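>>> With the input below, show me the fold.
(one chain, ligands or ions: 2)
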Amino acid sequence: MTRMLLRCGQLIDGVGRTMSDAAVSVENGVITRVRPWTSESSEDVARHDVVHDFGDRTVLPGLIEAHGHMGLLGAGLERSAAEIAAQVFRNVRQALREGFTTVRDAGGIDGGVAACVSTGLVPGPKLMPSGPFLSQTGGHADQRDRWHGHGPVTIPGLVRVALVVDGPDEVRRAAREAFRAGATQVKVCVSGGVSSGGGLDRCQFSVAELRAAVDEAEGHGTYVHAHAHSAASVRHGIAAGVRHFEHGSLLDRETAELMAEVGASLVPTLLVLHRMIATAPPETAATLTALMGSMRESMLLARDAGVVLGSGSDLLGIGQRDRAEEIVLKSEILGPMAALVSATSVNATILGIADRVGSVAEGKVADLLVLDGDPLTDPGVLIRPGAVSAVFQAGVLAPREGAGDAA
Ligand code: ZN
Ligand code: ZN
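Ligands and ions are numbered 1, 2, ... in the order given. Modelled structure (predicted):
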């Protein structure tokens with residue numbers, strides 16, 4: 001039994017509270033006590049095997065990413081399987097280094113990647129993969145070459161972008177395939193998307209097809225989450241029993257209220273748009289900027305209606321960095337505390353793991369982030385070079401550096 005004591009200049013607990021000069025006790029990877037340092041007696045301190053004094057630094061729950069794509073590296077037919085694996089694991093290690101202790105991968109990596117992390121072969125956050133996107137023929141994740149039908153690269157266990165399926169039976173079978181390969185939930189596409197060239201206002205899959213996915217997920221004790229931009233596509237998903245939505249960039253008040261009424265969650269994804277705008281040609285940048293504006297408005301509509309608002313970056317490509325910039329962007333809209341709560345306890349609730357992680361409280365796993373700065377007064381600290389002082393996974397200090405990590 002290892003007993004560890006952390007002294008925190010400031011504690012942000014993940015559910016909206018703070019404590020200055022806090023003492024957090026951890027035994028065998030689980031938080032056993034949270035209280036003011038001043039109430040620790042010298043005997044209390046001596047009972048611990050290890051004491052970390054973080055001075056004036058801030059301790060918060062390990063961050064949770066609700067929408068990653070660590071295996072979507074972009075056009076890559078020229079890449080070897082070895083390079084694809086190296087790039088995927090680089091994304092995985094970097095997320096942990098930046099303070100993310102749990103990542104829901106919203107499509108693209110196969111279960112073998114999560115297994116490499118959970119068995120300790122590769123350092124990384126706990127991964128919860130959706131596995132391949134389920135997409136209708138010609139839908140958002142049907143990335144086959146239009147005329148010749150060649151698919152994106154699939155490497156069993158490592159990356160598989162999509163299963164293109166039609167009809168309830170095929171959808172059900174695809175969901176089973178995804179679970180068989182290690183998915184912890186199923187991802188479906190119910191509208192078009194930015195990366196697939198539009199159709200954001202169109203609905204994809206029939207209600208019957210979506211119901212088959214929902215039914216299959218429930219049979220596995222989990223849920224379906226849906227790529228959905230428009231209000232119509234969200235309502236389409238709700239009609240089929242889907243309760244978790246991604247992006248939601250074109251909502252209206254009625255749909256936001258319906259989402260709240262049925263207990264649906266929304267994970268807005270600002271960072272991917274923010275990064276695309278920065279590099280797009282002027283005309284595309286203008287379209288993306290407009291979409292960013294409506295995503296912001298939709299997020300506020302959803303918040304005001306009482307929808308559960310999670311946090312996801314939707315980062316794509318090789319060399320994924322500064323994932324927490326999503327929280328910085330959300331801080332500007334929702335305020336820093338709401339943005340942090342969204343990326344910790346709310347995301348834990350959406351992912352179905354709130355009994356274990358997402359807050360600094362007795363009985364929770366000691367997944368913790370130590371920051372040299374205060375993200376409540378200065379959210380930019382979340383992505384400032386050198387500001388991550390330490391990351392703990394179940395009470396164990398995560399490695400800081402590894403081979404092949406050059407930017
Ligand atoms: Zn999407
Ligand atoms: Zn995505």
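
>>> burial of the one residue in the chain that gets nearest to ligand 2, as a residue count?
Per C-beta to the ion, Asp314 is where the chain lies closest to ligand 2, at 4.3 Å. The C-beta positions use only the backbone N, C-alpha and C, and glycine is treated the same way. Residues lying near Asp314 (other C-beta atoms under 10 Å) number 26.

>>> ok, it touching Leu72?
No. Applying C-beta atoms under 8 Å as the test, Asp314 and Leu72 come out as separate, 9.6 Å apart.

>>> Quick one: residues contacting the residue of the chain closest to ligand 2.
By C-beta atoms under 8 Å, 6 or more residues apart in numbering, Asp314 lies in contact with His67, Gly68, His69, Ala106, Glu246, His247, Thr269, Leu271, Val272.

>>> Can you lay out these as TSV showing secondary structure and neighbour count?
Converted to TSV, these look like this (DSSP: H, G, I helix; E, B strand; the rest coil; neighbours: other C-beta atoms under 10 Å):
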residue	secondary structure	neighbour count
His67	strand	28
Gly68	strand	30
His69	coil	25
Ala106	coil	27
Glu246	strand	27
His247	strand	30
Thr269	coil	24
Leu271	helix	23
Val272	helix	22
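
>>> and the helix or strand bottoming out on mean pLDDT in the chain, what does it pack onto?
None of the helices or strands of the chain scores lower by mean pLDDT, DSSP states H and E than strand 198-203, at a mean of 87. Under the contact definition 3 or more C-beta pairs under 8 Å, 6 or more residues apart in numbering; DSSP states H and E, strand 198-203 sits against strand 191-193, strand 224-230, helix 231-239, strand 244-250.

>>> What about Gly395, how many residues nearby?
Neighbours of Gly395 (other C-beta under 10 Å): 20.

>>> ok, back up a step: ok, the contacts of Asp314 vs Ala256, which is closest?
Ala256 lies nearest to His247 out of the contacts of Asp314, by C-beta to C-beta, at 13.8 Å.

>>> residue boundaries of the helices in the stretch 301-407 of the chain?
Counting by DSSP state H, counting those that start in this stretch, the stretch 301-407 of the chain has helices at residues 325-334, 336-341, 347-351.

>>> which one of those has the most crowded surroundings?
For these, average neighbour numbers computed from mean count of other C-beta atoms under 10 Å are highest in helix 347-351, which has a mean of 25.

>>> So which elements touch that helix?
strand 63-68, strand 100-105, strand 265-267.
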